[in-house]
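1. After the sequence you'll find the predicted model.
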Amino acid sequence: MRQSTHKFEFKKKPKEISAPSPADTGPPPIVWMLAFAHRVDREISDGVFPNRVATARHYGVTRARLTQIMNLLWLAPEIQEEIVRDGRSRKISERTLRKLLPVSIWETQKKHYSKVWIDIETACKSPTGRKKSLSIGEPV
């Protein structure tokens, strides 16, 4: 019995299909966190959960992490709206936003937020690509 071996060759290379990277699909993580904070706040005020401890237990996060996320609600409403509507919010991290939270006056918070964007845009254009850390004590 003869065995024949056939080599199968494509005439053209098959097209490589590249899936979009997870970072490029859907809303940025900071938008999800902000929406989650609003949802949890509503659930607690509606009585779905008695407190944050029960909420953290339900969602499987630590109380500390839930507090970090819930603290995003202390951002000025205009900043929250801009984060949700603006496409560049993918460039800003939750850690950077948390640095704005000690500033309780919303007008000052908005000035610092504008400065954060100037620093981010500058870092994106710099050859090193390193972000300058935000110091809240600096004059704006």
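-> Sure, I can see it.
2. Which secondary structure element of this structure has the lowest mean pLDDT?
-> Among the helical and strand segments of the chain, the one scoring lowest on mean pLDDT, DSSP states H and E is helix 106-125, with a mean of 78.
3. now this protein, which segments are flagged as low pLDDT?
-> Along the chain, the model assigns pLDDT under 70 to residues 1-25, 87-89, 121, 123-140.
4. Kindly recompute the last result at 90.
-> Applying pLDDT under 90 to the chain flags the ranges 1-30, 82-140.
5. count of neighbours near the closest residue to residue 63 other than its chain neighbours?
-> Among residues not flanking residue 63 along the chain, residue 56 sits closest, at 4.8 Å (Cβ to Cβ, 6 or more residues apart in numbering). The way it works is simple: take the backbone N, C-alpha and C, and place the C-beta from them, glycine included. For residue 56, the neighbour count with other Cβ atoms under 10 Å is 20.
6. Next, the buried residues of the least confident helix or strand of the chain.
-> Residues 109-110, 112-113, 115-116, 120 are the ones in helix 106-125 that count as buried (16 or more other Cβ atoms under 10 Å).
7. Turn those into a markdown table, including distance to residue 42.
-> Compiled in a markdown table, the buried residues of helix 106-125 are given as follows (distance: Cβ to Cβ, whole Å):
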| residue | distance to residue 42 |
| --- | --- |
| 109 | 23 |
| 110 | 25 |
| 112 | 28 |
| 113 | 24 |
| 115 | 31 |
| 116 | 28 |
| 120 | 31 |
